[in-house]
Structure formats: C-alpha cells, structure tokens
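**Student:** From the sequence below, what's the structure:
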Amino acid sequence: MKKLITFLVLGLFLVPSTSLATARSVSQGSTGSSSGNSVANSEEQSNSGSEKSIRNCERIQLRMQNRYDNYGLSKDKHLSVYNNMLERLNNFVDMAETANIDTSKLESDITTLESLINEFKTLAEDSFTKMQETKASICDSDEITFRQSLVQSRNQLKETHRKAQAIRVFYHDTIRPDLLAIKEQLHSTEESTTAETETETVAPSSDE
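**Tutor:** Below is the predicted model of the structure:
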C-alpha cells in the first residue's frame, strides 16, 4: 500500500515537471525561431538597403553621364566657334592691309582675344576632367568625398562660363568697334577710288 501511495505521489510530481520541460522546450523553440526570423529580417533589410543604394548610385551615374556628354558637346562647339572667329578676323586683317588700312589696333585686340580663348580652353579641359573624376567616384567614394568633388566640379564650370562671358563682352565692346572703324575706312577708300576712276574716265584727253 505504501509503495502504491509513493508511486502515485511521484507520478503527480513527475507529470507537471515533464509538462514544464515540454513547455520550456516549446518556448525555447519559439524564441529561437523568433530570433532566427529577426536575423533573417535584418539581413533582408540590409540587402534591400544595399540594392536601393546601388540603384540610386546608378541613377546618379546616368545623370552625371548625360551632363558629361552635354558639356563635352558644348565645349567642342564653343572651341569651334572661337577658332572660326579668329580665322575670320585674321582674314579681315589681311584684306585691310591689302587696302593699306592701319590694322595695328585690331591686331593688338585680336592678341588679347586669343589669350582669353586660350584661358577658356584650359578651364574647359580642366572642368571636363574634373567632371569625369566626379562621375567615376560616385559609387566608389564616401558621401562627403563625393560632395566635395561635386562642389569643385561646379565651381570650375562656373569659372568656365564666366570666361566665355568675358570673351563675348570683349568681342562686343572692343573687337566689333575695331571692325566697324576699319570697314568705314574701306568704304571711304572704295568711294575715293571709284571717284578717281570716274574722273579719269570723263576727263578730256590731251589730244583734244
């Protein structure tokens, strides 16, 4: 009888203990699963953030590439215009000298214009190179370094634009008046030559 009671008592204690162990096992399994899910979610968020960063980087690269290409076309166009301008001016000087017109003032101003154009060429090439470096560093540099490079690139572009504006102003305010003055002299010379020719034509010969 005592053995039966002892067995029943032990059974009463063992059953809750087993249940508790089972509950703990389930709880630990649930906690482990929750922890595993948390790590997985964290990795997914990290991967998602990396993919988003790559996409943003690619978009910025595309915009920079478009600006780079447009600036290259604009630079080449400006240089072509300036080279043609100098060629026409030098041809005009040759024509004026043929007509015995003083072109010293215009030639001096053309020299100044050439200096301005050479300065523009240097600035334009430096800006073009800086834009290329900035474009290449978009995905390779940290944000601070990239922003610093971008600011430097913009400042160089502004300086290049200011030099182009200086060329336009110098041509309008200095070169153009030189051209008008010489053209007026050429016109006067042509009128004088025409008048002399007409006089010689209508003048009576010495035999009459």
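
**Student:** quick one: the helices in the chain?
**Tutor:** 2-98, 104-136, 143-170, 176-202 (DSSP state H).

**Student:** weakest of those helices in terms of mean pLDDT?
**Tutor:** Confidence, taken as mean pLDDT, is least for helix 2-98 of the helices of the chain (a mean of 66).

**Student:** and F120, how many neighbours?
**Tutor:** Using other Cβ atoms under 10 Å, F120 has 22 neighbouring residues. Any C-beta I mention is one placed from the backbone N, CA and C, and that applies to glycine too.

**Student:** Leaving out chain neighbours, which residue sits closest to it?
**Tutor:** Nearest residue to F120, sequence neighbours excluded (Cβ to Cβ, 6 or more residues apart in numbering): K163, at 4.5 Å.

**Student:** tell me, how many neighbours does that neighbour end up with?
**Tutor:** Other residues within reach of K163, judged by other Cβ under 10 Å, total 18.

**Student:** same check, this time on L106
**Tutor:** Applying other Cβ under 10 Å, I find that L106 has 22 neighbouring residues.

**Student:** List the contacts of it.
**Tutor:** By Cβ atoms under 8 Å, 6 or more residues apart in numbering, L106 lies in contact with 89, 92-93, 96, 175, 178-179, 182.

**Student:** my guess is the residue nearest to F120 meets L116, correct?
**Tutor:** Yes - the criterion here is Cβ atoms under 8 Å, and K163 meets it with L116 at 6.9 Å.

**Student:** what's the burial count for the closest residue to T160 other than its chain neighbours?
**Tutor:** The shortest distance from T160 to any non-neighbouring residue, by Cβ to Cβ, 6+ apart, is to L123 (4.4 Å). Residues contacting L123 under the criterion other Cβ under 10 Å number 19.

**Student:** show me the contacts for L123.
**Tutor:** 156, 159-160, 163.

**Student:** got the phi/psi numbers for N100?
**Tutor:** phi 60, psi 40 (degrees, to the nearest 10).

**Student:** from here on, count from 565
**Tutor:** Happy to do that; since the first residue is 565 now, the last one works out to N664.

**Student:** how far away is the residue nearest to it when sequence neighbours are not counted from D666?
**Tutor:** Spatially, and ignoring its direct neighbours in sequence, N664 is nearest to T753 (7.8 Å; Cβ to Cβ, 6+ apart). T753 is 12 Å from D666, where distance means Cβ to Cβ, to the nearest Å.

**Student:** again, but for V657
**Tutor:** 11 Å.

**Student:** quick one: which of the two has more around it?
**Tutor:** For V657 versus D666, neighbours defined as other Cβ under 10 Å are more numerous around V657 (18 against 12).

**Student:** didn't Q749 look like it was pressed against N664?
**Tutor:** No - look at Q749 against N664 with Cβ under 8 Å: they stay out of range, at 9.5 Å.

**Student:** higher neighbour count, these two?
**Tutor:** Legend: neighbour count by other Cβ under 10 Å for Q749 and N664, higher for Q749 (16 against 8).
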